[in-house]
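Colleague: structure for this input, please:
(2 chains)
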Amino acid sequence: MDRNLLTYKGIRKALGLIGALAVLQTACIALAAAGLAEAVSSLFAGQPAKEQWRPALLFLLAFMGRHGCAALSARIAWRFAETTAAALRRAMLERLLRLGSRAAGDLGVGGWVTLALEGTGKFRAYLELILPRMAGMAATPALLLVCVLALDRLSGLILLVTLPILIVFLILIGMTARGQMDRQLATYRRLAGHFVDSLRGLETLFVLGRSRSHRRSIEDVSERYRAATMKTLRVAFLSSLALDFFTMLSVASVAVSLGVRLVNGQMELVTALTVLILAPEYFLPVRQVGADFHATLDGKEAGEAMRAVIETPVPEARLLGAAAERTEAEGAGAEGGAFPPYRDPFAWGPDSRLRLEGVGVRHGDGPASLESVSLELRAGERVGIVGASGAGKSTLLGVLGGFLAPTEGSAVLGGRRWSGLTADGWRSQISYIPQRPHLFGGTLGDNIRLYQPEATDEETAAAARAAGLGPLLRSLPLGLQEPIGEGGRQLSGGQRQRVALARALLGQRPIVLLDEPTAHLDIETEYELKPSMLPLFEGRLVVLATHRLHWMEQMDRIVVLDGGRIVESGTPEELMALRGAYYDLATAGWEETA
Amino acid sequence: MSRPRWITPYLSLYRWRMLLSLLLGTLTVFAAAALMFTSGFLISKSSTPIENILMVYVPIVGVRAFGTSRAVLSYVEKLCSHDTVLRILSSMRVRLYRILAPQAMELAARCRTGDLLGLLAEDIEQLQQVFLRVVFPAAAALALYAAVVAGLGRFDAGFALLAGLYLLLLIAVLPLVSLLRTRRAQRQVKERRARLYRSLTDAVLGLDDWMLSGQQARFLGGYEDDERFVAAADGELRQWARRRQLLGQALVGFAVVAVVAWAGGEAGAGRLEPTLIAAFALAAFPLADAWLPLSEAAERIPAYRRSLERLRGLQQAGMNGEDYSVIQNVTEEMREFEIKKENREGDAVKHARELAAAGAVRNGLTGGVSGGAFGLAGGGGWSGTAAAAERGLGSESFQKADASERRRRDRSFRGTADEGSALHLRRPSAVTVELRDAGYRYGGEAACALKHVDLCLPQGAKIAVLGPSGAGKSTLLKLLFGALRPTAGSARIGSRAAADYGERISELVAVLNQDPHLFDDTIAANIRLGRPEATDAEVARAASLARLDAVMESLPLGLATRVEEAGKRFSGGERQRIALARILLQDAPVVLLDEPAAGLDPRTERELLATIFAALEGRTIVWVTHHLAGVERMDEIVFLDRGEITMRGTHAELLAREERYRRLRELDRGDFRREAAIFKRRD
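Modeller: Numbers count the residues shown, from 1 in each chain, chains lettered A, B, ... in the order given. Sure, this is the predicted structure:
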């Protein structure tokens, strides 16, 4: 039972209606049984068929009423499930869009999309099933039992005794099957994944000259997979075997006991028939629950996963108090200058400073990806961040970009001390150029206008030209209206960077963060791209993380990270003179290590 | 050409198992019906004046027997049908693999392989559901239908005929109507869902951009509109499903009334035992339960058809050798599939670049620098070895191979490790790799991906190939590996055309690419793929040559560690080293390196390249790279642009001769004192 179930909006109404329908449905079942039994026993007694229209009509109406109730209750359940699941999905997406990729945990793109689309579907199916099933379980067996007891006490007792036995067996076998599944899950998964793994590695197999001989291994593994699956299924199907077995045994016992008492003349045929028709109906809700068990389990888990996302707190920067430097406090943002004035406490003006103090980021129990980083950044300054992979460059950019809340330390800005920079006001001043900018499925123009949806075509085209997209723009038949990204024209790595650059130029935001902007480009493309990028650095706070040291020439200051800590910082000349970590990075030609 | 069949061959291949499943399925329903039938008969009979209980002994036993056997039959039937289906799945997999394996490189060149292949694998799993959900139930339902009509025929031929016609409504007309009615809505839902997948993936990939833009609401609004549309179409399908069910039940209700009326009439006329009225009435319900799901099964057919068509298209494409449009047309579903899988953003980007490149190749430059002039490495005495290699390839014996070359290679191995466990070289071979005025044009494209390329690489020569995306680098590698046959000029390994070797080219040419696939197996098994007959010592030796020692020591199971478990722990550099060990075992004289160090940080890159070149000493190396780190160690550096060689020479020559090369090199080294002259600071 899902305790969250009752917290959904409209659940009481839906459940009430479905419950009422279940009662009505049970009444129909009883009436249909009575009608059919009446008709059959009258015919059996030798009455003419024509006179039986009354019970026949009763049966027919009740029978249709029963299925009508089922359809109606399915409709109500679907409506409720649809609205509830859609609301949950919407809330989850809203939260996801506020959490951002880093705060939202590492589900991966596939994971998120699957959760939002398939997860919602599973959750909806769960709600859709569980409501009628719950109502059915609650109403039908009890009411039918009362009917049967009223008609024939002994049959009622047989049914009453069998149900708990059936449920106990169901649970026991279910647990055994689950235990067995869990035990061989790893093997099972490996066998199941082998084929896809082989296909994905087909090119590798081919270049190794192994693609022909690998066929045997596919045969072998498929065979082992079959054996393993069958072993599991033999246990898993036992639960439905038990359900069927006890149901049938119970119905058979009822039939035989009725027969015995009929022989002894203790009972009317019509009563016996009614009881016999009702007996399988009594077990039906339990059997349905058993059959749908796995579907509901999946959906319940999906719902929980979605709720967990919704309950993830959005890491909003908290005000920790006033900071020491009152001199540049307040007013700093209002001076405006080249950038529009902001009233936001995170406003960044031409004289603003940002100071990180002892900032650290640590996920769970793992090692910190950033540790006691203290760093001051001034408006218009250009800062390069270098270090090996895993040194914390991206994490630092995440903190500076307001994507990631520090777990330790604080940020001082505009005379106030904050827990971090995760605030819309801060983020709205940032242009971010990652290693592989994402292009949205849409027109080239819309992609450039991302930060500035109201920009005119002229402004957009100007930004595109400034970013070196002029030749591309001229070659596109639709110009700015050309669809790019998924489903549109594919752009090369260099062109993608230029789109991101145009975005940043058009957005005119005072802070630019770059994360390995040219790492994956070939040297010639990089060479051509660099001059187009330099104007973006003018008059903005630039923080650029890269392995490509040629960028350092354009930097005022370099921060060298190692193991999440700042190990050196200074101008390129200072660091070269220092002969430390930066010197090593800059001078180590690969010949030396060869 | 007849259409490749994916369902019928398995029907006949596994006909006995299928018949058994069918028989068991039919018997299950039969037992359920018989239980109700005998029960009805039992109590009717009991209510007639009979002397004692023994008169109804047989029906009592029948009731119990049918009751228990139904449960057991159903259990056995489920196991049997699942077993059959898993056997079918197994042979379908082998078949799909046989179709795909020879096309590996073409597929890689033309589509986003991983995703497509995953999709095909899923298709096959879909097809097994056809058997479980459509074929078996439908067959059992039909068998029951025949049995019931025949059974009724024994009592009353006229009524049997009527019942036969009436039941057709339930088992044929309703499913057919259902299929036609829902086809359009199903397609709509499918298409719209693909759109949802696309826009959501887009949004999640660009999550940070949405955050920065502060326009999350704009996205959500558009997305929820699409969702509502799908929900509406979905709701329509649901509504139909509910109505269909109600309609089916109405048919059943009338059938029961008709049976009762008929049985009553017959009994009244004395043609039927009155005890059978209840029996017939009660038996109708379990039978209906077997027939009702047919309509739902029919609605599933369109979904299976799509899988079926894709598999057929794939096979036909394979036969024709050229036309992969069928495969490429599945992008909608591929998208859906691909995002179900892990985030393969990197691949997508690579693919995008590849596509863009293909479009960008134009007939621009003419002439091109004629190649073939080789400055370094080996020089004169290579022709003999090449000839020897050609003779020896078939028999794997290379008696006449150049002895000095063998010594040289042995030396190079000993150079980095102890001699006791020296890797045994299978075939000390030496081949010359030669491209003569080679060109390639992909079918259906106007521009050549590669043209007028001349290369002559004696054994042990090392060249670096550079160029922007779309310059023809991967096409060049494919020509050298024989995966593509040049459309102009020739590509030869030894004395034969590269494309003539087929799969045996792997004995001469090894490939280490940017993202080598590590199979979900142990590290040792992954390395051993290079040469399955290699001993443990040889595997360990190869691992050590690839400088994996330190990593392996840090793992409790060492080489026996499974790649999947350690997947998170392995960095890009380590994965490349495992792949390197693999090709060291493969021990081919020619190695193609396709940006093996892309995406690694400079230090890791430097170390990896150092290991690669030390371990591959003596091999001919064609190294595609995206920047200049390490190119000075190469015998020749070749720049490609738009399919043509634009600049080539040794490092020294290029430095001396080419201004452009000097600038690129300065940029690459980050040597800002000299670079300052190029990018003047503007402050």
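Colleague: drop to CA atoms for contacts and neighbour counts, all remaining ones
Modeller: OK.
Colleague: in the chain, which spans are strands?
Modeller: Going with chain A. Ranges of strands in chain A, per DSSP state E, are A:319-322, A:353-361, A:370-378, A:382-386, A:408-413, A:416-418, A:430-433, A:442-443, A:483-484, A:511-515, A:541-545, A:557-562, A:565-570.
Colleague: actually, chain B is the one I wanted.
Modeller: B:433-440, B:450-457, B:462-466, B:488-493, B:496-497, B:509-512, B:590-594, B:620-624, B:636-641, B:644-649.
Colleague: can you tell me which of those is nearest to chain A?
Modeller: strand B:509-512 (6.2 Å; CA to the nearest CA).
Colleague: and the pLDDT at whichever residue of chain A sits closest to chain B?
Modeller: Chain A approaches chain B most closely through residue A:550 (3.6 Å), counting by CA to the nearest CA. We have a pLDDT of 87 for residue A:550.
Colleague: nearest residue to it in space, ignoring adjacent ones along the chain?
Modeller: residue B:670 (3.6 Å; CA to CA, 6 or more residues apart in numbering or on different chains).
Colleague: what sits against the one you found?
Modeller: A:548, A:549, A:550, A:551, A:552, A:586 (CA atoms under 8 Å, 6 or more residues apart in numbering or on different chains).
Colleague: ok, so of those residues, who is nearest residue B:516?
Modeller: Closest approach between the contacts of residue B:670 and residue B:516, by CA to CA: residue A:548, at 24.8 Å.
Colleague: shouldn't residue B:521 be in contact with residue B:564?
Modeller: Yes. Using CA atoms under 8 Å, residue B:521 is in contact with residue B:564, at 7.1 Å.
Colleague: as a markdown table, the strands of chain A with distance to residue A:124 and mean neighbour count would be great.
Modeller: Formatted as a markdown table, the strands of chain A follow (distance: least, CA to CA, whole Å; neighbours: other CA atoms under 10 Å in any protein chain shown):
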| stretch | distance to residue A:124 | mean neighbour count |
| --- | --- | --- |
| strand A:319-322 | 41 | 14 |
| strand A:353-361 | 37 | 20 |
| strand A:370-378 | 41 | 18 |
| strand A:382-386 | 47 | 25 |
| strand A:408-413 | 40 | 23 |
| strand A:416-418 | 41 | 21 |
| strand A:430-433 | 38 | 25 |
| strand A:442-443 | 31 | 18 |
| strand A:483-484 | 34 | 20 |
| strand A:511-515 | 40 | 23 |
| strand A:541-545 | 44 | 27 |
| strand A:557-562 | 48 | 24 |
| strand A:565-570 | 47 | 18 |
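Colleague: so can I have a markdown table of these showing mean pLDDT and distance to chain B?
Modeller: As requested, those are arranged in a markdown table below (pLDDT from 0 to 100; distance: least, CA to the nearest CA, whole Å):
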| stretch | mean pLDDT | distance to chain B |
| --- | --- | --- |
| strand A:319-322 | 84 | 21 |
| strand A:353-361 | 93 | 18 |
| strand A:370-378 | 92 | 16 |
| strand A:382-386 | 94 | 10 |
| strand A:408-413 | 92 | 19 |
| strand A:416-418 | 91 | 19 |
| strand A:430-433 | 92 | 7 |
| strand A:442-443 | 88 | 10 |
| strand A:483-484 | 87 | 11 |
| strand A:511-515 | 94 | 11 |
| strand A:541-545 | 95 | 12 |
| strand A:557-562 | 93 | 13 |
| strand A:565-570 | 92 | 16 |
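Colleague: could you dump those strands into a markdown table and include distance to residue A:234?
Modeller: As requested, these are exported to a markdown table (distance: least, CA to CA, whole Å):
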| stretch | distance to residue A:234 |
| --- | --- |
| strand A:319-322 | 61 |
| strand A:353-361 | 49 |
| strand A:370-378 | 52 |
| strand A:382-386 | 58 |
| strand A:408-413 | 54 |
| strand A:416-418 | 60 |
| strand A:430-433 | 55 |
| strand A:442-443 | 51 |
| strand A:483-484 | 52 |
| strand A:511-515 | 54 |
| strand A:541-545 | 57 |
| strand A:557-562 | 55 |
| strand A:565-570 | 56 |
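Colleague: out of everything not next to it in sequence, what's closest to residue B:618?
Modeller: residue B:460 (4.7 Å).
Colleague: grab the nearest non-local neighbour of residue A:418.
Modeller: residue A:319 (4.6 Å).
Colleague: quick check: the one you found vs residue A:580, distance?
Modeller: 38 Å (CA to CA, to the nearest Å).
Colleague: ditto for residue B:177
Modeller: Relative to residue A:580, and taking CA to CA, residue B:177 is found at 79 Å.
Colleague: if we can go back for a sec, closest one of the contacts of residue B:670 to residue B:143?
Modeller: Among these, and counting by CA to CA, the member closest to residue B:143 is residue A:548, at 72.9 Å.
Colleague: wait, what's in contact with that closest one?
Modeller: A:516, A:518, A:519, B:668, B:670.
Colleague: which of the residues you listed has the weakest pLDDT?
Modeller: Lowest confidence among the contacts of residue A:548: residue B:670, with 71.
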